[in-house]
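# Please find the sequence and the predicted model below.
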Amino acid sequence: MTSTAKGVLAACLVTAGIGLVYWRVLSSLVNAWEVDGNYSHGSLIVPIALYFVWERRRKLAAAETRPSWLGLVALAGGLCILLAGLLGSELFLSRVSLILVLCGVVLFLFGWRHLRMLAFPLAFLLLMIPLPAIFFNRIAFPLQLVASRVGETVISAANIPVLREGNVLVMANTSLEVAEACSGIRSLVSLITLALLYGYFTDRRLWVRLAIVASAVPVAIVANGARVAGTGIAAHYIGPDAAQGFFHEFSGWVVFIVAFLLLLGIQRLIIWLAPARATPGATPPAVPGVAAPGASPAALESEAR
């Protein structure tokens with residue numbers, strides 16, 4: 001059995017052990033994906049991360065295996081965080097500890113080179129973990145206020161009387177409360193995830209990827225504010241029923257699609273302003289039956305065979 005095969009076997013055994021240790025944590029995490037609509041995308045994160053690992057399979061197989069004992073330190077640290085999270089009933093700590101444990105396993109079994117190659121897939125797993133309630137509320141409430149202000153501005157611009165009291169918009173025939181579910185944090189998290197994936201697959205430059213992800217924040221905020229304003233305008237002309245039920249849910253999907261299209265437009269604008277430069281010395285893809293510049297007839301004949 002080769003060293004690579006031994007490493008893979010060891011990784012499978014360790015993964016099975018991690019599954020047993022983290023069974024309760026993982027089951028609660030899956031339940032959070034099903035119950036909390038803000039993290040309903042969490043079930044897609046693991047398959048996507050596995051795809052990123054599969055995408056690197058050739059580089060991982062070719063990389064030299066140099067196990068590091070520091071992996072045991074990371075592994076022990078992750079298990080300590082898990083224990084602290086379980087004893088303190090802190091779900092976020094116990095869930096985050098899983099990422100540290102996985103990093104420790106990779107480092108201990110394969111080494112730093114493999115860990116660097118798997119850094120992005122491992123970091124991507126953080127998107128599946130719900131934020132602690134204290135941080136979530138610190139983000140959600142300001143977003144509620146911003147959405148209320150944007151909605152008030154747009155509704156007033158449409159010559160519709162409106163009075164804003166905090167996150168409540170008081171109109172002539174109804175009152176709209178921008179609740180936590182309407183704060184836009186759900187679309188913000190989903191849009192950031194899509195922006196991360198879109199930037200990863202469309203451009204190799206790190207700054208472009210970061211710019212696309214960063215642009216998801218203002219796009220999501222503006223889009224949610226536009227949704228609140230549209231709901232208010234519809235409630236004024238159609239009636240209070242337009243602010244709830246099917247129309248309210250359907251408008252959320254429409255606004256999210258528009259936000260994603262805006263994100264695509266920003267990406268195209270970045271590419272137009274700063275096009276990617278061709279790598280010096282890059283060889284154009286070979287076309288069957290056509291010799292590359294400088295290729296000998298013998299090489300062409302050999303390739304044809």
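Great, that's in hand.

# rest of the way, CA atoms for contacts and neighbours
Noted.

# End to end on stretch 198-209, go ahead and measure it.
Stretch 198-209 has an end-to-end distance of 8 Å (criterion: Cα to Cα, to the nearest Å).

# who touches Arg204 in this structure?
By Cα atoms under 8 Å, 6 or more residues apart in numbering, no residues touch Arg204.

# Now it: phi and psi?
Note on Arg204: backbone dihedrals following degrees, to the nearest 10 are phi -90, psi -10.

# Which pLDDT does the model give it?
pLDDT, Arg204: 86.

# Tell me how far it lies from Ile271.
Using Cα to Cα, we find Arg204 at a distance of 12 Å from Ile271.

# how close does the residue nearest the centre of the chain get to Ala61?
In the chain, the centroid-proximal residue (Cα atoms, centre = their mean) is Thr193; its distance is 2.4 Å. The gap separating Thr193 from Ala61 is 28 Å, by Cα to Cα.

# now do Thr15
19 Å.

# So which of the two has more stuff around it?
Higher neighbour count among Thr15 and Ala61: Thr15, with 14 against 11, using other Cα atoms under 10 Å.

# Check the spacing between that one and Phe141 real quick.
In terms of Cα to Cα, Thr15 sits 39 Å off from Phe141.

# Repeat that for Ala220.
Distance, Ala220 to Phe141, using Cα to Cα: 15 Å.

# Those two - which one has more neighbours?
Taking neighbours as other Cα under 10 Å, Ala220 and Phe141 compare with Ala220 leading, 27 against 17.

# For the stretch 51-200 of the chain, which segments count as strands?
Ranges of strands in the stretch 51-200 of the chain, per DSSP state E, counting those that start in this stretch, are 162-165, 168-171, 175-177.

# can you list contacts of the second one?
Strand 168-171 is contacted by residues Ser148, Glu152, Pro161, Val162, Leu163, Arg164, Ser175, Leu176, Glu177, Val178, His236 when judged by Cα under 8 Å, 6+ apart.

# show me what contacts the fifth one?
Think Leu163. Leu163 sits next to Glu152, Leu169, Val170, Met171 when contact means Cα under 8 Å, 6+ apart.

# so what pLDDT did it get?
84.

# in the sheet, who's paired with it?
Here Leu163 sits in beta bridges with Val170, going by DSSP bridges.

# So it versus Ile221, what's the distance?
Leu163 is 21 Å from Ile221, by Cα to Cα.

# How about stretch 103-122, which residues are buried there?
Of the residues in stretch 103-122, 103-115, 117-118, 121-122 count as buried by neighbour count, 16 or more other Cα atoms under 10 Å.

# who touches His41 in this structure?
Contacts of His41 were listed using Cα under 8 Å, 6+ apart, and they are Trp33, Met128, Ser190.

# can you do 10 Å?
By Cα atoms under 10 Å, 6 or more residues apart in numbering, the residues touching His41 are Trp33, Glu34, Leu127, Met128, Arg186, Val189, Ser190, Thr193.

# so the first one sits right up against Ser40, yeah?
If I follow you right, that is Trp33. Yes. Judged on Cα atoms under 10 Å, Trp33 makes contact with Ser40 at a distance of 4.7 Å.

# Tell me the residues that contact both of those two, please.
With contacts taken as Cα under 10 Å, 6+ apart, Trp33 and Ser40 have Met128 as neighbours in common.

# about what we covered before: switch the contacts of His41 over to a markdown table; also include pLDDT.
Shown next, in a markdown table, are these (pLDDT from 0 to 100):
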| residue | pLDDT |
| --- | --- |
| Trp33 | 87 |
| Glu34 | 84 |
| Leu127 | 89 |
| Met128 | 89 |
| Arg186 | 75 |
| Val189 | 83 |
| Ser190 | 83 |
| Thr193 | 88 |
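
# mind checking the longest helix of this protein?
Counting by DSSP state H, the longest helix found in the chain is helix 206-237.
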